[in-house]
Every structure is written in C-alpha cells, then in structure tokens.
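>>> Have a look; sequence and predicted model below, questions after that.
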Amino acid sequence: MIEMFSYGFIQRALLAGILIGVLCAVLGVFLVLRRLSLIGDGLAHTTFGAVALALFAGLQGAAMLLVSLPAMLLVSIGILKLASKARLGGDAAIGIVSSVGISLGVMLAVVGKGYGVDLFSYLFGSILAISSAELVIAAALFIIVMALLWFYYNELVALTFNEEIASVSGIKVGFLNNLLAALTALTVVLAMKLVGIMLISALLILPASAALQVARGFRMTVILAVLFSIFSVVGGIVISFMLNLPSGATIILLAFTVFSLSFLLRRIRALSHRY
C-alpha cells in the first residue's frame, strides 16, 4: 500500500481528487441549501454533449478541457436566462438544456465511431489517467473558484438563506446567481475526469448532505462537507487501485456510506434527546 503512493499517476490522481473534492463540497453546500442540486445534474448531462463535440473535433486531454470550460460557462448562464426569459421554472430549464446536451452527445457518438472508448472514460471517470497538464488546469481553476467564493462568501450566505432579504439589502442577486452557476459549471467540467459525467451530481450532493445531518451552523457544515469529500475521494482512489475497481463508482459509494452513517448518527441523537 505504501508503494502505491510512489507512482506518479497515483500522486496526480490524489492531488486532483482533493482539489476537485473540496470544490464540490463547498459548492454543494450552497446548492443543496438553495435546492439547486439539479443544476449540477443538468450541467453534468450537458457536459456529455460538450465532451462529445470536443472529441469529434479530435481534441484530447487538456485541449478538450480548455474547449469544454467556456462552452459550459455559456450553458450555465443560458439555463438561468432561459428560466427567466421563457417564464420557466429552474427545473424545466435544466431539463431542456440537459436533454439537448445528451441528444447532441449521442448523435456525435454515433457519427464519430472512433472515439467510443474515450467517451466512455469521461462518462464514468478515469482519475488514474489524469495528465500533468490537466492537473495544472485543475489547480489553476481551484484557485480561481475558491478566491471568488471567499470574496463573495458573505453575500452568497445571505442569498442562500433568504434571496428576497438579500435583494432588499442591495446584494446583486442576479450577478451572484450567474456566478454560482458558472462556478458549478467549472467544477462539473473538472470533476468529469474524477467520477465521470454520470456521477458528478452525486459528488456535489452527498458530502454536503452528509454534513447537514450532523453539523451545527453553516461554517461547520462547510468544514465537515470538505472533510467528508476528501475522505471519500482519497479512500475511493486507494480502494479502487488496490481492488481494481472503477474509481468514480468507488468514490461515490464511499460518499454514500458516509452520508448513511451521518444520517444514522442524526437519528440516534434525536432518539437520545427524546428519551
């Protein structure tokens, strides 16, 4: 087990996994509390179309990421604009955009028969195959996203608990909604190599939901969500390497185990207070 940490691809996987896990945990708290968990799922499905398009154009690795990132930023803003301009609910706008993204991906997958294996790795994750260039991009975007979250932290917290009061207080609600959607899009694109497009929303939801079961206070919720996410990612990578299991699925199942234990602990606490 000690020897596995000497491999370069394991080191890259762990470092990238920790960075992405932290982003998913922090953003996940805001999304879960605002009942916007579906936006992560919708963006993940739309990413399928962006990845298929990039692969169809012959792009791979870091180049594919650099193309997918701006595309997903536009999609995230488009979802919010569609919801407001077309008088649709957020869930309807997400459903429309995600279904178009999936359809585009399926169509390109059929037309471009030569990249099926590559598309499969993005669907279900291949964190052990992450390159140095992709790690650099992940690190750079981690710094950008965390800096923006830190800078707008108080405004985002106010927006999370009461959007109407935040608006009356002079907080730019529209800008912050766009910012949160854009940051989620960036994180989704980064996480697709970690757990795969089909499982990204789980990494956004499970650590945050587990933390909400046992934490007292917003700050403690964020801290616990980050710890749970890091544990799930690192533990999932190690277990998947040792037992030759798919890394993305292992990470998510471990995160679900943490959520189940947190839920059980909350129930035990409630029963103990009752009696």
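Looks like it came in fine. Computed from a prediction, not measured in an experiment: that's the story for all the values here.
>>> CA only for contacts and neighbour counts going forward, please
Will do.
>>> can you pull the buried residues of the helix or strand harbouring residue 16?
Assigned by DSSP states H and E, residue 16 belongs to helix 8-33. Using 16 or more other CA atoms under 10 Å as the burial criterion, the residues of helix 8-33 that qualify are 9-10, 12-32.
>>> Equivalent analysis for stretch 261-275, please.
In stretch 261-275, counting by 16+ other CA under 10 Å, buried: 262, 263, 266.
>>> Using JSON lines, lay out those residues together with secondary structure.
Below are the buried residues of stretch 261-275 laid out as JSON lines (DSSP: H, G, I helix; E, B strand; the rest coil):
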{"residue": "262", "secondary structure": "helix"}
{"residue": "263", "secondary structure": "helix"}
{"residue": "266", "secondary structure": "helix"}
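>>> Out of those residues, which comes closest to residue 132?
Distance to residue 132, by CA to CA, is smallest for residue 262 among these, at 35.4 Å.
>>> and the closest one, what is it in contact with?
With contact set as CA atoms under 8 Å, 6 or more residues apart in numbering, residue 262 has these partners: 210, 211, 213, 214.
>>> same thing but 10 Å
207, 209, 210, 211, 212, 213, 214, 215, 256, 268 (CA atoms under 10 Å, 6 or more residues apart in numbering).
>>> Report how many residues lie close to the nearest residue to residue 248 once chain neighbours are set aside.
Residue nearest to residue 248 in three dimensions, not counting chain neighbours: residue 195, with 3.6 Å by CA to CA, 6 or more residues apart in numbering. By other CA atoms under 10 Å, 30 other residues sit near residue 195.
>>> Quickly note the distance from residue 195 to residue 238.
14 Å (CA to CA, to the nearest Å).
>>> And residue 263, by the same measure?
25 Å.
>>> now do residue 184
Distance, residue 184 to residue 238, using CA to CA: 26 Å.
>>> quick one: which of these two has more around it?
residue 184 (26 against 22).
>>> which stretch of helix or strand covers that one?
Judged by DSSP H and E, residue 184 forms part of helix 173-191.
>>> List the buried residues in that helix.
Buried residues in helix 173-191 (16+ other CA under 10 Å): 173, 178-191.
>>> packing partners for that helix?
In terms of contacts (3 or more CA pairs under 10 Å, 6 or more residues apart in numbering; DSSP states H and E), helix 173-191 is packed against helix 8-33, helix 37-56, helix 61-85, helix 132-151, helix 153-161, helix 163-168, helix 200-214.
>>> before we move on, back to that, I figured the residue nearest to residue 248 hits residue 247, correct?
Yes. Shown here, residue 195 and residue 247 form a contact pair, counting by CA atoms under 10 Å, at 6.8 Å.
>>> Low-confidence bits of the stretch 51-200 of the chain, can you list those?
By pLDDT under 70, the low-scoring segments of the stretch 51-200 of the chain are 60-63, 83-91, 109, 112-129, 198.
>>> unless I'm mixing things up, residue 37 is touching residue 44, no?
No. Shown here, residue 37 and residue 44 do not form a contact pair, counting by CA under 10 Å, at 11.4 Å.
>>> what is in contact with those two at once?
residue 201.
>>> out of the two, which sits in the busier spot?
Neighbour count, other CA under 10 Å: between residue 37 and residue 44, residue 44 has more, with 30 against 20.
>>> Identify the residues contacting the nearest residue to residue 181 once chain neighbours are set aside.
Of all residues not flanking residue 181 in the chain, residue 76 sits nearest, at 5.4 Å (CA to CA, 6+ apart). Listed by CA under 10 Å, 6+ apart, the contact set of residue 76 reads 39-40, 42-43, 46, 70, 94, 97, 178-186.
>>> go on, residue 245?
Residue 245 neighbours (CA under 10 Å, 6+ apart): 236, 237, 238, 239.
>>> can you do 7 Å?
Residue 245 makes contact with no residue, according to CA atoms under 7 Å, 6 or more residues apart in numbering.
>>> roughly how far apart are it and residue 230?
Noted for residue 245: a distance of 19 Å to residue 230, by CA to CA.
>>> now residue 271
Using CA to CA, which is the criterion applied here, residue 271 is 30 Å from residue 230.
>>> for residue 156, same thing?
For residue 156, the distance to residue 230 - CA to CA - is 23 Å.
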